[in-house]
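Chemist: This is a predicted model, with the sequence first.
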Amino acid sequence: MENMCHKELHKIESALRSCVDRAVPWVGEVFRSAAPKYAGTRDMTTGLGSARAGGRWNPAGSFPTVYASLEPETAMSESLATFRYYGWALHSALPRLFRAIHAELASVLDLRELPPRHPFHGWMERAFEEDWRALQSRGWDSTSQAIGRAAYTAGLEGLLVPSHVSPGGGNLVAFPDRLRPGSHIQAL
C-alpha cells in the first residue's frame, strides 16, 4: 500500500530547499544491528528492507534508506524499539549481529540540534511526538517521513537526526541511491 503524502509536504520541501546549502560533508563510523539472516555485508548497506517496509524517515514502498546509529548503544536501542512498540518478547529479537559501517558522504543535513528559529524546528518536534507506525498503517506519511522524502527529493545523501529511543544518541539516515561520486557507505 502506498502512503498518502503528508499534508505539509510542499512546505517541508520548500523549507528543506532553503537549507540545502547548510548540508556538509560527513565522514564517520556508524553502527547497525540486524538479525543474522540480514547481517551480511551487502544487506547492511542497500536500504532495500526499509524501502519495502518503511521506517521513521522513509515511507513504505518508497526509496532505499540505510538507518545507522552514531553509537553502538543507540544501535541496540533502535533495533529493539520495534519489539517494544508491539509488545513482543525481547528474547525473540535475539540474536542480533552488530556491524560497523564506514560512511563518507558529501551532502548531509544535520538536524540534531536546531535553534528555535530554524525552519525545521517545529517539524522535528512533531516528528518525535507522532506515532509514525500508526500513521503509516493508516496509509499516511508521518512528519519524519515527509522530512526524509523532502531530503531524498532534494538530492541530499543523508540526514543526521537525534535518536527518539536513546536520549543523547544520534542516527545517520542515508540514501544509498543518492550517493555522489566519491561517497560511499561500506560495511566493515
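Modeler: Received it, and whenever you're ready, just let me know what you need. These numbers come from a predicted model, not from an experiment.

Chemist: What is the longest helix along the chain packed up against?
Modeler: Looking across the chain with DSSP state H, the single longest helix is helix 72-86. In terms of contact count using 3 or more CB pairs under 8 Å, 6 or more residues apart in numbering; DSSP states H and E, helix 72-86 is assigned the packing partners strand 24-34, strand 66-69, strand 97-110, strand 170-174. Every C-beta, even on glycine, is put in place using the N, C-alpha and C of the backbone.

Chemist: could you say what helices and strands the shortest one packs with?
Modeler: Counting contacts by 3+ CB pairs under 8 Å, 6+ apart, the secondary-structure elements packed against strand 66-69 are strand 24-34, helix 43-46, helix 72-86, strand 97-110, strand 170-174.

Chemist: please redo it, this time with the cut-off set to 7 Å
Modeler: strand 24-34, strand 170-174 (3 or more CB pairs under 7 Å, 6 or more residues apart in numbering; DSSP states H and E).

Chemist: hey, which of those is tucked in deepest?
Modeler: With neighbours defined as mean count of other CB atoms under 10 Å, the helices and strands packed on strand 66-69 peak in mean count at strand 170-174, which reaches a mean of 25.

Chemist: how big is the angle separating it from strand 97-110?
Modeler: Interaxial angle, strand 170-174 versus strand 97-110 (axes from the mean of the first three to the mean of the last three CA atoms, to 10 degrees): 80 degrees.

Chemist: now strand 170-174: how far from the chain's centre is it?
Modeler: Strand 170-174 has its C-alpha centroid displaced from the chain centroid by 5 Å (CA atoms, centre = their mean, to the nearest Å).
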